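**Student:** pasting the structure only:
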């Protein structure tokens with residue numbers, strides 16, 4: 001059994017590009033940047049950035065093109081694929097993540113450490129002053145008796 005699975009969480013480096021295949025299927029491409037922090041041999045903290053090319057098909061591609069912008073935080077699950085072509089007699093290669101699932105991160109493109117609320121929970125009535133309000137619902141103070149639960 002073989003496994004080809006990619007899971008990436010990062011920020012878009014450019015706005016998504018939408019195209020259509022001759023069959024009419026929509027294709028969206030974008031690039032994600034991921035940061036990696038590590039200590040080198042001397043114990044100095046180093047930071048490296050990796051860039052990942054992502055390809056999304058179908059309805060999901062339309063949603064990506066509509067809602068994602070440069071800097072947006074995004075989680076992508078999919079498979080790695082390398083394609084090749086000849087350009088002026090020289091063989092060119094490109095490795096991409098073919099997305100099976102794309103999940104939009106928090107609005108504003110923050111790189112973690114902030115709100116863990118999924119995108120789409122905000123309403124147009126939300127304002128900047130409400131952002132510090134608790135996201136959790138108000139739970140009753142009294143004890144819950146397990147025998148009162150109907151299932």
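**Tutor:** Okay, I see it. Everything numeric here is computed off the predicted structure, so don't read it as measured data. Numbers count the residues shown, from 1 in each chain.

**Student:** so the nearest residue to residue 15 once chain neighbours are set aside, which of the three states?
**Tutor:** Distances taken as Cβ to Cβ, 6 or more residues apart in numbering place residue 70 nearest to residue 15, at 5.2 Å, with adjacent residues excluded. Every C-beta, even on glycine, is put in place using the N, C-alpha and C of the backbone. Look at residue 70: counting by DSSP: H, G, I helix; E, B strand; the rest coil, its state is coil.

**Student:** contacting residues for residue 70?
**Tutor:** 12-15 (Cβ atoms under 8 Å, 6 or more residues apart in numbering).

**Student:** Most neighbours of all those residues, which one?
**Tutor:** Neighbour count (other Cβ atoms under 10 Å) singles out residue 12 as the most crowded of these, with 21 neighbours.

**Student:** Need the pLDDT of the residue lying closest to that residue once chain neighbours are set aside.
**Tutor:** In this structure, residue 12 finds its nearest non-sequential neighbour in residue 72, 4.9 Å apart by Cβ to Cβ, 6+ apart. Per-residue pLDDT puts residue 72 at 91.

**Student:** residue contacts, residue 72?
**Tutor:** 11-12, 104-105, 109.

**Student:** next one: residue 6
**Tutor:** For residue 6, the contacting residues are 52, 76-80, 97, by Cβ under 8 Å, 6+ apart.

**Student:** Was I right to think residue 39 contacts residue 48?
**Tutor:** No. The pair residue 39 / residue 48 is not scored as a contact, 11.9 Å apart, by Cβ atoms under 8 Å.

**Student:** Between those two, which contacts overlap?
**Tutor:** With Cβ under 8 Å, 6+ apart as the test, residue 39 and residue 48 reach no residue in common.

**Student:** does residue 91 sit in a helix or strand, and which one?
**Tutor:** Applying DSSP states H and E as the criterion places residue 91 in strand 90-104.

**Student:** partners of that strand in the sheet?
**Tutor:** Strand pairing for strand 90-104, determined by DSSP bridges: strand 45-57 (parallel), strand 73-87 (antiparallel).

**Student:** and residue 53, what is it in contact with?
**Tutor:** 29, 31, 94-97.
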